[in-house]
Structures are given as C-alpha cells and as structure tokens.
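In: Sequence and predicted structure are below.
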Amino acid sequence: MRIVFMGTPDFAAASLQQLIRDGFEIAGVFTQPDKPKGRGMELSFSPVKELALQAGLPVYQPEKMRDGTALRQIQALKPDILVVVAYGRILPDEILAVPRFGAVNVHGSLLPKYRGAAPIQWAVLNGDETTGVTTMYLAHDMDAGDIIFKEETAIGEFETSGELFDRLMDMGAKLLVKTLRAIDAGTAPRTPQDHSQASYVKMLDKSICPICWNQTPRQIVKHIAGLQPWPVATMELEGKTFRVFRAAYTETQTEAAPGTVVSAGNDGLEIACADGETLRITELQAPGKKRMAAGDFLRGHAVKAGTVCS
C-alpha cells in the first residue's frame, strides 16, 4: 500500500514515525511551508518535515491546495491512500478522489464530539471524564467522514492538556496502523457519524486565560489544566497578572466572596470560589519571574487574607 502522508505538528510526527517504524511504504510527505520563528525570524521546519528528511522521504510544501500544484504532485506519486494527521489545510475533493482507498484521518476526540480545532484541550476544559482518538475517512465537510475505529481513555483529574496530548498522540499513531492494516485487508468497518450529535470547538486564544472565581473548584482546576501548555490560565493579584499552573482541592468552607484570599502560606494560596468552597493555588509565575511553587513565592511576597483576586 503506497501512502502519501500529510501532517505538520508533533501530533502528526508521531503517526509518521510509527508508519516508518512499522515498514509502511511512504511515497511522499506533505507538510505546511516553513515559517519564521524566534527573534531572528529564521525559517523553521515543522516536526513532520524534520522527521521526513531524517528518514530520507521526499517532502512537498505547497503554498496553496487549490491551484492545481498539490493535485499534480499527489497524482504523480500514485498513492493508494492519503493519511492526513493535523495537516492544517482543508483538502479539496479532487485531491481526496485520487487514491483508490481515499483519505483517512486521525482525530483527537471521540467523534462526532469535538469536531474542529483543539479537541484535546476542550475535553479537559469542559471537565470530561473520558476522551479518545478516532480514525475516519475524510469527507467534504470538516471531521464529518465515516468512522473506522475509536479508542477511549480516561482523563486524569489533574491531567493537563499537554499531558493528555502526549498520550493521545501515541494512541492515535497505533490506531492508525491498525486502521491501515484493516483497510489493506478489506476488513475495515465504515460507520457513518450521527451528525445530530456533532459538536464543534474553536482554537484557543489568550482571551480565555483569566480565571473566573465564581465557578466551582473543579471547573477552575479544569480551566488551569486545560490551558497548559498554552496559553496558560491567569489571575490578577495586587494589580499584577500571574500565570497559574497548578491547583489543588481543599476541604475548607468559607463565607468570603469568590476571588478572596482565604489564607496564604507554605502550602500555597487559598482562594474562595463558588458555593462557599475554596481552591489552593500551588504553582504560579509572577511577572518577570520563573515558574515556582506558590509557597516559595509567598515566602518572599506576603499576601494578606482578604486580598481580592480577579
């Protein structure tokens, strides 16, 4: 089975690495064009391109997908199947029609839930107890193709999006291999999605970073965990914006208004939340400082009970 692989970030590189490791025939690799990065604005390669070059695979980086260039390149490679993992581009129907087995995709959710961008982060942000990966056939509409396989996993109570991302990345790579072998053997299932159950999620941005203290402790814990490693939850304390990385539950009940500091000490910063409960911030980063345990910060920066956070 000749494969044309299409992907860009780390999540995709893990799948490409698995295909290389398992001896699949990869005719070519498509990834997004190089982008300037850092202070020097030097062009940097995507993780997929770096891996492909190391493996001696031909790399293609078309600027556009609808001007005919990519179509001609793919036709020349004569693939049996396209494997698309976090490529970052929508493929036109004429490209999807080239391979005899069509195109398959690895998606970081249990479809039809969480179509679109950032499905892993939103599963954490929304406090879901489980998530998983799905392989599907690509169709004209985004993430709406027929499902091939799913694999489910529990989300740890304090597991960050970054930690979950790494687990799903490996799960997705292994599920992709299972999928391709089933397609090659003619045994792959094909289950249409229930579109009435579909939900869509958007890309993250810094506008959602501020913590809302008028929420339950669990909602705030999931907010903090879901925004790691980017863009990171924030709170305003004594007129300064702090980045917040870790929090823990407490058994404290308080009559203080949400956002009020209840206590501050070696264990961290305890803050009132909704319903008379509190939450303890255990790891943070002050402006211009390094990320550190909240107790270490408080030893050099006293914060009085009754101070209000926003």
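Out: Everything's here; your move.
In: Does Met136 touch Gly102 like I think?
Out: No: at 10.5 Å, Met136 and Gly102 do not qualify as touching, with contact defined as CB atoms under 8 Å. The way it works is simple: take the backbone N, C-alpha and C, and place the C-beta from them, glycine included.
In: which of the two has more neighbours?
Out: Shown here are Met136 and Gly102; by other CB atoms under 10 Å, Met136 has more neighbours (24 against 17).
In: Quick check: closest non-adjacent residue to that one.
Out: Gly145 (4.5 Å; CB to CB, 6 or more residues apart in numbering).
In: for Ile81, same thing?
Out: Nearest residue to Ile81 in three dimensions, chain neighbours excluded: Phe101, at 4.1 Å (CB to CB, 6+ apart).
In: Over to that neighbour: give its phi and psi.
Out: Backbone torsions of Phe101, given as degrees, to the nearest 10, read phi -100, psi 0.
In: For it, give me the pLDDT.
Out: Phe101 carries a pLDDT value of 98.
In: List the contacts of stretch 148-159.
Out: Applying CB atoms under 8 Å, 6 or more residues apart in numbering, the contact partners of stretch 148-159 are 104, 110-111, 123-124, 128-137, 163-164, 167-168, 171, 175, 178-179, 182-183, 188-191, 221, 225, 246.
In: Keep only those of the residues you listed that are in helices.
Out: If you go by DSSP state H, the contacts of stretch 148-159 have 123-124, 163-164, 167-168, 171, 175, 178-179, 182-183, 221, 225 in helices.
In: circling back: secondary structure class for the residue nearest to Met136?
Out: Recorded secondary structure, Gly145: coil (DSSP: H, G, I helix; E, B strand; the rest coil).
In: got it, and Val83?
Out: Look at Val83: counting by three-state DSSP, its state is strand.
In: pretty sure it contacts Phe5?
Out: Yes: between Val83 and Phe5 there is a contact under CB under 8 Å: 4.9 Å.
In: ok, back up a step: any idea which of the ones in helices among the contacts of stretch 148-159 is the one closest to Ala117?
Out: Each of the ones in helices among the contacts of stretch 148-159 was scored against Ala117 by CB to CB, and Ala123 proved nearest at 12.7 Å.
In: Setting aside sequence neighbours, what's the nearest residue to the closest one?
Out: Once flanking residues are discounted, Ala123 sits nearest to Thr131: 4.1 Å by CB to CB, 6+ apart.
In: tell me the centre residue of this structure?
Out: By CA atoms, centre = their mean, the mean C-alpha position of the chain lies nearest to Ile120, the distance being 4.4 Å.
In: Let me see the confidence value for it.
Out: On the pLDDT scale, Ile120 gets 98.
In: repeat for Met41
Out: In this model, Met41 carries a pLDDT of 63.
In: Pass me the low-pLDDT residue ranges in the protein, would you?
Out: 38-41 (pLDDT under 70).
In: Need the single longest strand in it, by residues.
Out: strand 240-253 (DSSP state E).
In: Might you report the residue contacts of Phe82?
Out: One correction, residue 82 is Leu, not Phe. By CB under 8 Å, 6+ apart, the neighbours of Leu82 are 3-4, 6, 74, 91, 95-96, 98-99, 102-104, 138.
In: Okay then, goodbye and thanks.
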